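> Sequence first, then the predicted structure:
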Amino acid sequence: MKDLSSDNPTAKIDLSFDRYLQTRAREIDSHLVGGIPDYAFSLDQKLRQQLAAMGPVRAIAKSLVSMAVPIYRQVQQMEAVAVSPQQYPEIYALGEECAHRLGIGIPQIFVYYSPSINAYTIATDDVEPIVILSSAIVEALTPEELKFVIGHECGHIHNLHGVYNTAVELMTNTMAAVILQSVPGLGILKILLQGGLLLFFSRWSRCAEITCDRAGLICSRDLYTAQMALAKLATGGVNKLDRINLEEYIKQISQVQATPVRLLELTRSHPLLHKRIEALRLFAECEVLGSWCEEMTINNPRNKQETDRLCEEFIKVLATGYQSRKSSMSQPREIEIQ
């Protein structure tokens with residue numbers, strides 16, 4: 001009898017699902033260092049450890065945030081549109097790709113109407129996370145840029161930022177703060193985060209954003225696209241302003257470094273956009289990115305320790321002598337979406 005397998009080009013392909021899961025698990029584990037994603041900004045990790053050491057702070061925050069998340073999900077079910085394979089499948093596909101890239105479950109994405117460009121994640125450590133996108137950000141960004149944003153939000157999930165990140169969102173995000181009116185006792189969280197502790201949470205949040213921008217770059221796999229996504233947060237993404245000169249934009253930061261105005265950043269949950277773009281450029285030259293994105297050519301890659309050290313030099317609010325480092329990977333080029 002003739003061996004039909006010789007005529008079947010797929011006969012020698014290993015279709016074992018168990019073996020696929022084992023291979024996938026090894027691939028994901030290879031990017032974890034002590035249970036933490038290898039791309040995470042070291043200062044994010046350090047400050048989070050200090051937060052975890054504040055036992056009562058974490059316990060109160062987790063308890064109150066755990067009450068807020070289920071209610072917030074219900075609010076989104078009433079007022080927003082849930083993304084799925086049947087509803088805005090192109091957005092769902094972006095979320096699916098980012099989740100697969102980072103090795104996490106696909107988050108529930110909601111789109112709500114707002115003229116403001118906005119995106120954020122609401123989650124606890126043990127409740128399914130939800131990613132919220134404003135209609136304005138979906139409208140303003142290209143699909144490739146939106147992938148960076150969704151990848152950024154998936155970075156919060158991948159790095160288990162849930163409790164602290166949601167606490168900061170509830171205190172600083174106008175849309176998210178509406179939930180405060182629906183959760184008895186959540187005002188305690190506001191009291192908890194006042195004063196010096198609010199400054200500490202804000203500092204950690206800014207460092208966490210650097211980590212998640214790196215996740216966004218890993219998902220989008222194109223530095224220019226990632227930079228443009230961030231720049232559009234400043235311009236609103238309108239057509240007449242989409243030809244922004246990134247080099248000139250980054251230079252603006254040097255004009256406020258020596259003034260008291262820079263202290264306004266102390267209470268902000270996100271770093272200045274100029275700094276975020278610069279941090280992305282540094283990470284684009286890091287060997288860790290090369291291990292995630294083999295298709296991105298990195299000449300003379302820098303190790304992660306040095307990359308994080310350089311980031312710490314200018315990410316702090318009181319940084320002086322800031323100098324932009326133009327990246328050879330920052331020029332626009334044709335982007336292929338796979």
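Received it, and whenever you're ready, just let me know what you need.

> wouldn't Leu198 be in contact with Ser269 here?
No - using C-beta atoms under 8 Å, Leu198 makes no contact with Ser269, being 9.9 Å away. In this view, the C-beta of every residue, glycine as well, is placed from N, C-alpha and C.

> where exactly do the helices run in the stretch 201-338 of the chain?
With DSSP state H, counting those that start in this stretch as the criterion, the stretch 201-338 of the chain has helices at 223-235, 246-251, 273-283, 287-292, 304-315.

> and Met54, which of those helices is closest to it?
Evaluated over those, closeness to Met54 peaks at helix 304-315, with 22.1 Å, by C-beta to C-beta.

> need the helices of the stretch 201-338 of the chain in CSV with distance to His158, mean neighbour count and mean pLDDT, can you?
Compiled in CSV, these are given as follows (distance: least, C-beta to C-beta, whole Å; neighbours: other C-beta atoms under 10 Å; pLDDT from 0 to 100):
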stretch, distance to His158, mean neighbour count, mean pLDDT
helix 223-235, 17, 22, 93
helix 246-251, 27, 16, 84
helix 273-283, 15, 24, 93
helix 287-292, 12, 19, 95
helix 304-315, 16, 19, 93
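
> Which one of those helices lies nearest to Gln74?
It's helix 223-235; of the helices of the stretch 201-338 of the chain, that one is closest to Gln74 (C-beta to C-beta) at 28.5 Å.

> Tell me which residues touch Ala234, please.
Going by C-beta atoms under 8 Å, 6 or more residues apart in numbering, Ala234 touches 244, 249, 273.

> For Glu96, state which of these is nearest.
Checking the contacts of Ala234 one by one against Glu96 (C-beta to C-beta), the nearest turns out to be Leu273, at 27.7 Å.

> The closest one and Lys232 touch, don't they?
No - if you go by C-beta under 8 Å, Leu273 and Lys232 don't touch, sitting 9.7 Å apart.

> quick one: Ile36 from Pro56, how far?
24 Å (C-beta to C-beta, to the nearest Å).

> now do Arg302
According to C-beta to C-beta, Arg302 and Pro56 sit 40 Å apart.

> So these two - more neighbours on which side?
It is Arg302, of Arg302 and Pro56, that has more neighbours when counted by other C-beta atoms under 10 Å, with 19 against 8.

> hang on, isn't the more buried one packed against Glu287?
Yes - at 6.8 Å, Arg302 counts as touching Glu287 under the criterion of C-beta under 8 Å.

> end to end, how far does stretch 236-253 reach?
Stretch 236-253 has an end-to-end distance of 19 Å (C-alpha to C-alpha, to the nearest Å).

> Quick one: distance of that stretch to the chain centre.
21 Å (C-alpha atoms, centre = their mean, to the nearest Å).

> Repeat that for stretch 136-144.
When C-alpha coordinates are averaged (C-alpha atoms, centre = their mean), stretch 136-144 and its chain have centres 16 Å apart.

> Pull out the buried positions in it.
Buried residues in stretch 136-144, defined by neighbour count with 16 or more other C-beta atoms under 10 Å: 136-138, 140-142, 144.

> can you list the residues you listed in TSV and add secondary structure, distance to Glu312 and pLDDT?
Shown next, in TSV, are these (DSSP: H, G, I helix; E, B strand; the rest coil; distance: C-beta to C-beta, whole Å; pLDDT from 0 to 100):
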residue	secondary structure	distance to Glu312	pLDDT
Ala136	helix	33	96
Ile137	helix	29	97
Val138	helix	34	97
Ala140	helix	31	94
Leu141	coil	29	96
Thr142	coil	32	95
Glu144	helix	29	97
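
> out of the residues you listed, which one sits closest to Asp125?
The shortest separation between Asp125 and any of the buried residues of stretch 136-144 is 26.4 Å, and it belongs to Ile137 (by C-beta to C-beta).

> tally of neighbours for the spatially closest residue to the closest one that is not a sequence neighbour?
Sequence neighbours aside, Ile117 is the residue nearest to Ile137 in space, at 4.5 Å (criterion: C-beta to C-beta, 6 or more residues apart in numbering). Ile117: 21 surrounding residues under other C-beta under 10 Å.

> Pretty sure Ile117 sits in a helix.
No - looking at Ile117 with DSSP: H, G, I helix; E, B strand; the rest coil, it is coil, so not inside a helix.

> so who does it touch?
Neighbouring residues of Ile117 by C-beta under 8 Å, 6+ apart: 134, 136-137, 140, 232-233, 236-237.
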